[in-house]
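Predicted model follows, preceded by the sequence.
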Amino acid sequence: MNLTLTLDVLDPITARVNAANGAFHAHYPGDSIDRQPVHTLYGGAHLFKSSTPMKLGSLGLRSLDEYAPNFVLFAKILGMKGAETLPMTEKAIAYLCEALTSDPEAVRRANEPAYIAYTIYQRVRKKLETEPVEDMRVDFEDGYGNRPDEEEDFHAVTVGEQLATGMSEGVLSPFIGIRIKSFSHECYQRAVRTLDLALTALANESGGRMPDHFVVTLPKVTIPEQVAALADLLDVLEEKLGIEHGRVGIDLMIETTQAIINHLGENAVNNLVRAGRGRVKSCAYGTYDYTAICNITAHYQTHTHPAADFARHVMQVSLAQTGVTMSDGATTIMPIAPHRATPDKPLSAQQVAENLEIVHHGWKLHYDNITHSLRHAFYQGWDLNPAQLPIRYAAVYHFFLDSLADASMRLDAFINKAAQATLFGNTFDDAATGQGLLNFFLRGIACGAITEEEAMATGITMPELRSRSFVKIVQGRAGK
């Protein structure tokens, strides 16, 4: 065969392409296959103790017991698929519970909505008892307010000490961090002082050790210089406090229009992330600050407003394949009952009905908002109150269980197909889709929505699943 292109022509062109490809992959290393929490629960710094995560779980469980004492009522409140077919009477519900306990597979074949609703309810309860909070943010901003400097100083030190205590006792949430005030002109000095006091107290108590997946959340970011300043401060604090370099991550709150498109008309999200010099691990969207800046009136500042969807999608295309995770905003209508009984004054029937209506409305709104986020591939969001925890897990679990059968068949087919393919380098034609399906099971197992047994029903083994890599799975099978 005769070739026209000789090496002296090809080499400089190839070198330029290789250099450009290398730079591209440096910017887009791929989505992380590490665990991502399904939520971040914010709580005021003045209330934080090492035991707070488990205490919040017990409060969430109490809310579930009081306002949805059985799985049928829970499913009907949230409008789960097929909930309208479930029984209404206590006798029929009890009979169904007995059947689900004795032979769940038989019920599953005959009445899948009942099986899914019951399974979700039981798994939500277990989650609230064992790992109720996946990610906790100890808040010195909106959930804390503006307080005298002496008071915030005290709380900053206390939070650092309590984090160290919780770490030594093994009772912290798997992901955790603090949210300081913004780096605006008005708040910068206070934010830096709180950061210094909290990390110094934590490092002094722990000998320089930090909790796993520890981040500092910077709210209301507007310019890259604010992120760069936080990265510089963390460099100094880590060095002086004996903390491993890079151990403290940054979580950015994208809640201003300037964080989406800057004064030059440029996409600002990537500029903000790059300013952190590798420290930015996640970005969280703030619906209500963002829509307020857009001059949307309070009545229409909803989670599902088109302006919010636009901002989320800009974040999505900006952060895709960068390894930086995304979190969606909060539902600010709280499922909190307005009436409380006292020993000498029980609630009236009307007050009981009003409590139920308000809590159930708050739950349904939160459930719908979470489902909206999940459909848009935002797998993490904010929670602001322990009564929202049961709904967070119910929505996430329903999302995974409703798609389980389809994902199981597709993953099994992809693995079997790719295992017979010819390996070219370390890439298969369907590797991206296969990894996406694998991530579905990894996310589901990590949060408790899917059991290991349900994942293994696809034909995948636990060693393969723990490899967290579709390519490695296929390579292993091709080598057998």
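Yes, it's here.

Name the nearest residue to residue 132, ignoring sequence neighbours.
What sits nearest to residue 132 in space, not counting adjacent residues and going by CB to CB, 6 or more residues apart in numbering, is residue 57, at 2.5 Å. C-beta coordinates here come from the backbone N, C-alpha and C atoms, glycine included.

The one you found contacts residue 383, correct?
No: at 11.9 Å, residue 57 does not count as touching residue 383 under the criterion of CB atoms under 8 Å.

what residues are shared contacts of the two?
By CB atoms under 8 Å, 6 or more residues apart in numbering, residue 57 and residue 383 have these common neighbours: residue 389.

what's the average pLDDT for stretch 22-31?
Mean per-residue pLDDT for stretch 22-31: 90.

Pull up the per-residue confidence for residue 425.
We note a pLDDT of 46 for residue 425 in this prediction.

could you point out which element follows the helix or strand encompassing residue 360?
In this assignment (DSSP states H and E), residue 360 forms part of helix 349-375. Remark: after helix 349-375, the chain's next helix or strand is strand 381-383, criterion DSSP H and E.

pLDDT of the following helix or strand past that following strand, averaged?
Note on strand 381-383: by DSSP H and E, the next helix or strand toward the C-terminus is helix 389-419. Averaging pLDDT along helix 389-419 yields 85.

Only the buried residues of the helix or strand just after helix 389-419, if you could.
Going down the chain from helix 389-419, the next helix or strand is helix 431-447, by DSSP H and E. Neighbour-count burial for helix 431-447 flags 431, 434-447 (criterion: 16 or more other CB atoms under 10 Å).

How about stretch 108-119?
111-112, 114-119.

can you tell me which residues contact the residue nearest to residue 132?
128-129, 131-133, 386, 389.

Mind checking which of these are buried?
Neighbour counting by 16+ other CB under 10 Å classes 128, 131-133, 386, 389 among the contacts of residue 57 as buried.

Can you name the helix or strand that residue 21 falls in?
Here residue 21 is assigned to helix 7-27, by DSSP H and E.

tell me what the helix or strand that contains residue 200 is packed against?
Residue 200 is part of helix 188-206, with elements assigned from DSSP H and E. Helix 188-206 sits against helix 149-169, strand 175-179, helix 224-241, with contacts defined as 3 or more CB pairs under 8 Å, 6 or more residues apart in numbering; DSSP states H and E.

Output the buried residues of stretch 108-119 in a markdown table, with pLDDT and secondary structure appended to each entry.
Compiled in a markdown table, these are given as follows (pLDDT from 0 to 100; DSSP: H, G, I helix; E, B strand; the rest coil):
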| residue | pLDDT | secondary structure |
| --- | --- | --- |
| 111 | 90 | coil |
| 112 | 90 | helix |
| 114 | 93 | helix |
| 115 | 93 | helix |
| 116 | 93 | helix |
| 117 | 94 | helix |
| 118 | 95 | helix |
| 119 | 94 | helix |
